[in-house]
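> whatever this is, show me its structure:
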Amino acid sequence: MENLQEIANKMVSKGKGILAADESSPTCGKRFDSIGVESTFENRNEYRDILITAPELENYISGVILFDETIKQSTTCNDAIPFTEFLKSKGIIPGIKVDTGAKKLAGFSNEKITEGLDGLRERLVDYYNMGARFAKWRAVITIGETIPSDACIYSNAHGLARYASLCQENGLVPIVEPEVLMDGTHTIEDCYEVSQRTLNIVFEQLIMHHVDLRGIVLKPNMIISGLDCTEQASVSRVAELTFKCLKDNVPSDVPGIAFLSGGQSSDLATAHLNEMNAKYMSDMPWNLTFSYGRALQEDALKKWGGSNRKGAQAALLDRAKSNSLATKGTATDLVNS
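Residues are numbered from 1 along each chain as shown. Model prediction:
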């Protein structure tokens with residue numbers, strides 16, 4: 001079994017990030033609707049093939065998060081190489097989303113709990129045998145007038161810790177994703193307070209469950225204003241508060257932090273990452289990179305439109321390269337609002 005610390009370090013190596021291609025079939029359906037393409041098994045396979053086989057993707061991407069359907073699919077060329085084998089041949093690590101979604105938290109209106117622990121040990125064994133070497137589990141925390149509750153944060157943190165412990169037991173690096181959602185009218189200061197509280201409790205639970213922090217990757221939200229907040233924080237302010245929140249709450253044993261993009265535009269997600277690395281890299285005990293889904297795929301999906309493979313791959317590589325530079329703080333032509 002490979003060393004978990006080595007895998008985690010490869011996942012967050014400088015200049016590379018993680019492509020999140022783990023959309024469920026319903027989510028994929030919504031995205032295909034936006035370009036007028038029917039969400040059939042064949043079309044989903046074709047689109048994922050475009051992403052995974054993009055030439056030189058390995059220069060910018062260290063790992064790809066797959067969905068249960070995708071990890072069993074193969075390239076669309078005549079040889080039909082399983083996606084996991086193709087990725088490994090390129091030096092890219094295959095990963096797998098293992099949670100079964102965020103459901104209503106009983107007794108707490110407007111709050112969610114992520115499910116999927118039942119039977120997880122057996123599923124992890126199967127996914128490892130299919131070639132996965134890391135996994136992902138997403139918890140969602142909503143900010144509102146009286147939420148999040150302690151019950152919501154603790155329940156989700158406990159689930160993340162149990163998942164992470166099971167992953168490490170079975171040879172997979174856990175991506176720990178506690179997402180404080182952008183949805184709402186809250187200020188950037190509200191986001192900071194809730195994110196700090198959440199990270200604190202998540203690491204308390206990870207340590208309690210004997211998770212080796214040297215063999216995980218943290219996938220948090222950035223500290224940003226709510227989508228409907230009247231005052232949107234500047235790129236500089238987002239970078240400042242995000243770095244402070246992470247520095248104060250993420251142990252230095254963690255090898256790297258790979259941000260989710262959430263509801264940010266592709267351009268802003270890149271600009272925020274670049275600003276943090278440009279300003280604070282020398283003070284970071286961990287690597288700071290990206291684990292973007294829509295923010296990497298959006299341009300490619302539009303270019304593809306159901307037929308333009310080369311255009312889609314070029315768009316994906318362009319966005320991946322820009323974010324690769326952002327992990328070094330050297331990206332250019334960025335939004336600076």
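> go through the lowest-mean-pLDDT helix or strand in the chain and flag the buried ones.
Within the chain, no helix or strand scores below helix 25-33, which has a mean of 94 by mean pLDDT, DSSP states H and E. Across helix 25-33, burial judged by 16 or more other Cβ atoms under 10 Å covers 28, 31-32. The way it works is simple: take the backbone N, C-alpha and C, and place the C-beta from them, glycine included.
> gap between residue 236 and residue 183?
Counting by Cβ to Cβ, to the nearest Å, the gap from residue 236 to residue 183 is 24 Å.
> on that earlier part again, just the closest of the buried residues of helix 25-33 to residue 222, please.
Using Cβ to Cβ, residue 31 is the member of these that sits closest to residue 222, with 22.4 Å.
> go ahead and confirm the closest one touches residue 304.
No - using Cβ atoms under 8 Å, residue 31 is not in contact with residue 304; the gap is 10.5 Å.
> tally of neighbours for residue 204?
Neighbour count of residue 204, defined by other Cβ atoms under 10 Å: 14.
> what's the closest non-adjacent residue to it?
residue 157 (7.3 Å; Cβ to Cβ, 6 or more residues apart in numbering).
> and that neighbour, what does it touch?
Going by Cβ atoms under 8 Å, 6 or more residues apart in numbering, residue 157 touches 139, 178, 198, 201-202, 204-205.
> what's the spacing between the strand or helix carrying residue 273 and its chain's center?
In the assignment (DSSP states H and E), residue 273 maps to helix 266-280. On the basis of Cα atoms, centre = their mean, to the nearest Å, helix 266-280 sits 16 Å off its chain's mean C-alpha point.
> before we move on, what about stretch 133-148?
12 Å.
> buried residues in that stretch?
133-143, 147-148.
> put the alpha carbons of that stretch into PDB.
Listed next in PDB are the C-alpha coordinates belonging to stretch 133-148 (Å, rounded to 0.1, in the frame of the first residue of the first chain):
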ATOM      1  CA  ARG A 133      -5.900   6.500  -4.100                       C
ATOM      2  CA  PHE A 134      -7.800   9.400  -2.500                       C
ATOM      3  CA  ALA A 135     -11.400  10.100  -1.700                       C
ATOM      4  CA  LYS A 136     -13.600  13.100  -1.100                       C
ATOM      5  CA  TRP A 137     -16.500  13.900   1.400                       C
ATOM      6  CA  ARG A 138     -18.300  17.200   1.500                       C
ATOM      7  CA  ALA A 139     -20.000  18.700   4.500                       C
ATOM      8  CA  VAL A 140     -22.100  21.800   4.000                       C
ATOM      9  CA  ILE A 141     -22.600  24.600   6.600                       C
ATOM     10  CA  THR A 142     -25.200  27.300   5.900                       C
ATOM     11  CA  ILE A 143     -25.000  30.800   7.400                       C
ATOM     12  CA  GLY A 144     -28.300  32.400   8.400                       C
ATOM     13  CA  GLU A 145     -29.700  34.600  11.200                       C
ATOM     14  CA  THR A 146     -29.600  31.800  13.800                       C
ATOM     15  CA  ILE A 147     -27.500  29.200  12.000                       C
ATOM     16  CA  PRO A 148     -25.200  27.300  11.900                       C
END
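> from the contacts of residue 157, which two are the most distant?
139 and 204, at 14.3 Å, using Cβ to Cβ across those.
> all the strands of the stretch 1-150 of the chain, residue numbers only.
With DSSP state E, counting those that start in this stretch as the criterion, the stretch 1-150 of the chain has strands at 17-20, 61-66, 93-97, 102-104, 112-114, 134-141.
> just those strands: most buried one?
For the strands of the stretch 1-150 of the chain, the largest average neighbour count (mean count of other Cβ atoms under 10 Å) is found in strand 17-20, namely a mean of 29.
> can you give the contact residues for it?
With Cβ under 8 Å, 6+ apart, strand 17-20 has contacts from 11, 51, 57, 60-65, 95, 136, 175, 217, 258, 260, 289-293, 296-297, 320, 323-324, 327.
> contacts only, for the residue positioned nearest the centre of the chain.
Nearest to the mean C-alpha position of the chain, by Cα atoms, centre = their mean, lies residue 291 at 3.9 Å. Contacts for residue 291 (Cβ under 8 Å, 6+ apart) come out as 17-20, 65, 175, 217, 219, 258-260.
> A strand includes it, no?
Yes - looking at residue 291 with DSSP: H, G, I helix; E, B strand; the rest coil, it is inside a strand.
> can you give me how far the least confident helix or strand of the chain is from the chain middle?
For helix 25-33 - counting by Cα atoms, centre = their mean - the centre lies 18 Å from the chain centre.
> packing partners for it?
Helices and strands touching helix 25-33, by 3 or more Cβ pairs under 8 Å, 6 or more residues apart in numbering; DSSP states H and E, are helix 41-52.
> please name every helix or strand in contact with the helix it packs on.
helix 25-33, helix 83-89, helix 294-304, helix 309-326.
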